[in-house]
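> below: sequence and its predicted model.
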Amino acid sequence: MLRTAATTSLLAQLYVVDLLYYAYLTEDFSNNKTRLVQSKTIIAENFGK
């Protein structure tokens, strides 16, 4: 039995989270870009990619 309503609900929730994240990032893009680059660097150093 497929639970299409549950899947649709989950996708809608993820979409809202993506929109909120995008809105947050665009508020102060240059500062947030710097933080994202720092995060990427730290992750690459610690997890080898």
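It's in. Numbers count the residues shown, from 1 in each chain.
> use CA for all of it now, contacts and neighbours both
Fine.
> using CSV, list the CA coordinates for the one helix or strand residue 42 maps to.
Assessed by DSSP states H and E, residue 42 sits inside helix 29-47. Only the C-alpha atoms of helix 29-47 are listed here, as CSV (Å, rounded to 0.1, in the frame of the first residue of the first chain):
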residue,chain,number,x,y,z
PHE,A,29,24.4,37.0,0.8
SER,A,30,28.1,38.0,1.0
ASN,A,31,28.4,37.2,4.7
ASN,A,32,26.5,33.9,4.3
LYS,A,33,28.6,33.0,1.3
THR,A,34,31.7,33.4,3.4
ARG,A,35,30.2,31.1,6.1
LEU,A,36,29.2,28.5,3.5
VAL,A,37,32.7,28.5,2.1
GLN,A,38,34.2,28.1,5.6
SER,A,39,31.8,25.2,6.3
LYS,A,40,32.7,23.5,3.0
THR,A,41,36.4,23.8,3.8
ILE,A,42,36.0,22.4,7.3
ILE,A,43,34.0,19.5,6.0
ALA,A,44,36.5,18.7,3.3
GLU,A,45,39.3,18.8,5.8
ASN,A,46,37.6,16.4,8.2
PHE,A,47,35.9,14.1,5.8
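> check the offset of the longest helix belonging to the chain from the chain's centre.
Ranked by number of residues, the top helix in the chain under DSSP state H is helix 4-27. The chain centre lies 9 Å from the centre of helix 4-27; the measure is CA atoms, centre = their mean, to the nearest Å.
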